[in-house]
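need coordinates for the following:
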Amino acid sequence: MVIAVPSQNDWQLTEDWAQFIREKVNSFAKWDLVRFFHDNPYAADTADNIANYIGRDTATVREELDELVKSGVLQCDKRKGGSIYRFSVREDIRQRVTYFMQACYDRNFRTQAIRLVIDGMHFTPNHDF
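Reported below is the predicted structural model:
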């Protein structure tokens, strides 16, 4: 899937972006993880350490990391001491994540993306955040 790069102030939540969010960045923990690997593209670490870096629960982070591996955003090297997670080496994935992070600086795009994540989480009106 090819996404055209708009000018800096013209980001729109197109169907391509909505699909990317629904398939890859469909939780706020995954959003944090994608940002972590975008900001640290050569990081390779365990779920425990990554959870520490981003300030989230280790069990949740491990689950979300594994889903990001399944979706192709991350890679996982299984070792005797545990799993080591790293950013995908695929240039199209890295570029897509870079564009997503750039788009998130646009308030309207970010607001729509947040709404899409929340809608995908299927919260009920009685659910406490």
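
where in the protein is pLDDT low?
Scanning the chain for pLDDT under 70 picks out the ranges 1-10, 122-129.

show me the strands in it, by range?
Secondary structure of the chain by DSSP state E: the strands cover 44-45, 74-79, 82-87.

most packed of those?
Highest mean neighbour count among the strands of the chain (mean count of other CB atoms under 10 Å): strand 82-87, with a mean of 18. For glycine as for every other residue, the C-beta is placed from the backbone atoms N, C-alpha and C.

now do it against strand 74-79, angle only.
If you take axes from the mean of the first three to the mean of the last three CA atoms, to 10 degrees, strand 82-87 sits at 160 degrees to strand 74-79.

nearest to S27, of the strands of the chain?
S27 lies closest to strand 74-79 among the strands of the chain, at 14.2 Å (CB to CB).

for the closest one, packing partners?
Contacting strand 74-79 under the criterion 3 or more CB pairs under 8 Å, 6 or more residues apart in numbering; DSSP states H and E are the following elements: helix 58-70, strand 82-87.

partner strands of the shortest one, with direction?
Each strand pairing with strand 82-87, determined using DSSP bridges, is listed with its direction: strand 44-45 (antiparallel), strand 74-79 (antiparallel).

for the ones you listed, give me CSV that also has distance to I54.
Below are the strands paired with strand 82-87 laid out as CSV (distance: least, CB to CB, whole Å):
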stretch, distance to I54
strand 44-45, 11
strand 74-79, 14
